[in-house]
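# Mind folding the following:
(chains A and B)
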Number of protein chains: 2
Amino acid sequence: MSAPAVSALIIGNEVLTAKVTEANGAHLIRRLRERGVPLQSVHFVRDEVDEIIEQLVLCRRRARYVITSGGVGPTHDDVTVRAVARALRREVVRLPEMEARLRSFYGARAMPPEALRMAEAPAGSRLIACDDTRFPVLACDDTYLLPGVPALFRVQLEAVLPTLPGVPQVLRQLFLDARESEIAAALDAVALGRPQVAIGSYPTWGDQADHLVKLTVEHPDAREVEAAVAELRAALGRFIIRES
Amino acid sequence: MSAPAVSALIIGNEVLTAKVTEANGAHLIRRLRERGVPLQSVHFVRDEVDEIIEQLVLCRRRARYVITSGGVGPTHDDVTVRAVARALRREVVRLPEMEARLRSFYGARAMPPEALRMAEAPAGSRLIACDDTRFPVLACDDTYLLPGVPALFRVQLEAVLPTLPGVPQVLRQLFLDARESEIAAALDAVALGRPQVAIGSYPTWGDQADHLVKLTVEHPDAREVEAAVAELRAALGRFIIRES
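The predicted model follows:
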């Protein structure tokens, strides 16, 4: 009943060395959620071909789709196309459509030869048109290569999302005045009896919240969610402060 | 000349399903940076034993140290200790010191049996005292198991940082009024000639910035940095708006 999952590779030394505040990961998490597309994992890795290959191969074993962010520009540290091509066992080729778009972008101005690197792609790639930028999204074998620049990442992601199947989830939350260890036995019993429903338990810390633990109950089918919530209410009702 | 690196595993379905806004990853990136501890990669993974094991094994091949966040509480979705133990090929044992701390925490109150799960650890673990919380950091084979609750994660991280060797980096930045493709050839020449220096190139997008590209030059030794900056100035001086 769940849709195939996505994994994300956020590529770039600048993220891991705190030179930029990474924004694409959090944005991706939120947008996939809103579309009901399951997210398997997110990985921040360096601009290193071998490390990208290794992680991408692992991601593709766990998730149907992979979205990458970063490393697609024309400079020496942009290695994503090369790494993705090797992970997918494909050659790097120059896409005529991208080359034409680059030449049109430069028009009468001289185009530096390095600009053509941006027309390179794994062989067999397809281009997904993107209304809000002249550059389409590059996709190959269910791997989508998006740019790291946040404004452009966001625009291109909106072109990718309609191609990913999603199943919106129903979420209920219970806020409890109890420590996790006090409720663990009852909670485990409900969770083990309903393995299809995703039940989460999140303690607060300090005194910023009115509750000590938040329970989340989630499934695409509202009846499944309500049945689990009813069981939790029966077992833990005395601790429940509020629900949402 | 660089210190051994750290990888981070941020564990928890709540992060990947946008139920919480993840804060520990960004905090860790910044604090490691301030200490000059190299960060190899950051991975957000689900509360699934097999996936945690697989990712941890991969991280340990690439980085000397691993810091995990999350999944160390007493409920059904807290699987980090079990997964880390299996990845390290160690048994799960109950640590007498942690059990004593838990019993002292509960005092005269009845301690639920589930609370004792928080005394479990991979065999051979050591405890690192932490001034600002009663619970020490759990460490085993250079893997540090931190809690996911951000306030507690931050407190425990401060106890871990002094145990990690760091080499502070010198960073210079050049802000250019040029497209990446215009400077790619010159930039590549400098970067290839000085492979020991980390040179990054980051385009802006839209018109929020006064520059089109930011170049970063980084190395522990200021002389190496200045030598690379001098070469970049010679090659690209006409595009440089400002430096920092």
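# Show me how chain A divides into domains.
A:6-163, A:170-243 (automatic domain parsing).
# do the last one and chain B meet at all?
Yep, that's domain A:170-243 we're talking about. Yes - using C-beta under 8 Å from any C-beta of the partner chain, domain A:170-243 reaches chain B at A:171, A:179-185, A:187-188, A:191-192, A:198-206, A:216, A:218. The C-beta positions use only the backbone N, C-alpha and C, and glycine is treated the same way.
# In TSV: the domains of chain A, plus mean neighbour count.
Below are the domains of chain A laid out as TSV (neighbours: other C-beta atoms under 10 Å in any protein chain shown):
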stretch	mean neighbour count
domain A:6-163	19
domain A:170-243	17
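# From chain B, how far out is the residue sitting furthest away from the middle of chain A?
Most distant from the centre of chain A: residue A:108, at 39.1 Å, with distances by C-alpha atoms, centre = their mean. From residue A:108 over to chain B the distance is 16 Å, taken as C-beta to the nearest C-beta, to the nearest Å.
# Equivalent analysis for residue A:81, please.
14 Å.
# pLDDT score assigned to that residue?
At residue A:81, the model reports a pLDDT of 97.
# Spatially nearest residue to it (excluding sequence neighbours)?
Using C-beta to C-beta, 6 or more residues apart in numbering or on different chains and skipping the chain neighbours, the partner closest in space to residue A:81 is residue A:120 (5.3 Å).
# Now do the same contact list for the closest residue to residue A:210 other than its chain neighbours.
Nearest in space to residue A:210, with sequence neighbours left out and distances taken as C-beta to C-beta, 6+ apart, is residue A:241 at 6.3 Å. The neighbourhood of residue A:241, defined by C-beta atoms under 8 Å, 6 or more residues apart in numbering or on different chains, consists of A:175, A:176, A:177, A:210, A:211.
# Report the contact partners of the closest residue to the first one other than its chain neighbours.
Put plainly, it is residue A:175. Excluding the flanking residues, the one nearest residue A:175 by C-beta to C-beta, 6+ apart is residue A:211, at 3.9 Å. Listed by C-beta under 8 Å, 6+ apart, the contact set of residue A:211 reads A:175, A:176, A:177, A:204, A:241, A:242.
# What's the per-residue pLDDT of the closest residue to residue A:75 other than its chain neighbours here?
Distances taken as C-beta to C-beta, 6+ apart place residue B:201 nearest to residue A:75, at 4.4 Å, with adjacent residues excluded. Predicted confidence (pLDDT) for residue B:201: 87.
# contact partners of the helix or strand residue B:201 falls within?
Using DSSP states H and E, residue B:201 maps to strand B:198-203. Strand B:198-203 has contacts (C-beta under 8 Å, 6+ apart) with A:13-14, A:17, A:19-20, A:73, A:75-77, A:149, B:169, B:179-180, B:183-184, B:187, B:190-191, B:212-219, B:228, B:232.
# Filter those down to just the ones in helices.
Mapping these onto helices (DSSP state H) picks out A:13, A:14, B:180, B:183, B:184, B:187, B:190, B:191, B:228, B:232.
# Nearest to residue A:27 among the residues you listed?
residue A:14 (16.6 Å; C-beta to C-beta).
# roughly how far is the helix or strand bottoming out on mean pLDDT in chain A from the heart of the chain?
Ranked by mean pLDDT, DSSP states H and E, the weakest helix or strand in chain A is strand A:198-203, scoring a mean of 86. Strand A:198-203 sits 21 Å away from the centroid of its parent chain (C-alpha atoms, centre = their mean, to the nearest Å).
# repeat for stretch A:101-117
How far stretch A:101-117 lies from its chain's middle: 32 Å, per C-alpha atoms, centre = their mean.
# do stretch A:235-244 as well
The gap between the average C-alpha position of stretch A:235-244 and the chain average comes to 32 Å, counting by C-alpha atoms, centre = their mean.
# Compute the first-to-last residue distance for that stretch.
18 Å (C-alpha to C-alpha, to the nearest Å).
# residue ranges of the helices in chain A, please?
Going by DSSP H, chain A shows helices at A:13-16, A:24-35, A:49-62, A:80-87, A:96-106, A:150-160, A:180-193, A:222-236.
# returning to that earlier point: any idea which of the ones in helices among the contacts of strand B:198-203 is closest to residue A:128?
residue B:180 (22.8 Å).
# you'd agree the closest one is up against residue A:72?
No - counting by C-beta atoms under 8 Å, residue B:180 stays clear of residue A:72, with 10.8 Å between them.
# one step back: can I get the strand holding residue B:201 in CSV? Just the C-alpha atoms.
What follows is strand B:198-203, C-alpha atoms only, in CSV (Å, rounded to 0.1, in the frame of the first residue of the first chain):
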residue,chain,number,x,y,z
ALA,B,198,40.7,22.7,-1.1
ILE,B,199,39.3,25.0,-3.7
GLY,B,200,35.6,25.4,-4.1
SER,B,201,33.4,27.3,-6.6
TYR,B,202,29.8,28.2,-5.7
PRO,B,203,27.6,30.1,-8.1
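# so what strands line up beside it?
strand B:213-219 (antiparallel) (DSSP bridges).
# just for chain A, where's the confidence low?
A:1-2, A:206-208 (pLDDT under 70).
# returning to that earlier point: check the gap between the residue nearest to residue A:81 and residue A:126 for me.
15 Å (C-beta to C-beta, to the nearest Å).
# Which residues are in contact with residue A:145?
A:68, A:72, A:80, A:81, A:84, A:121, A:137, A:138, A:139.
# same question, residue A:58
B:54, B:55, B:58.
# Could you dump those residues into JSON lines with distance to residue B:104 added?
Below are those laid out as JSON lines (distance: C-beta to C-beta, whole Å):
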{"residue": "B:54", "distance to residue B:104": "37"}
{"residue": "B:55", "distance to residue B:104": "35"}
{"residue": "B:58", "distance to residue B:104": "38"}
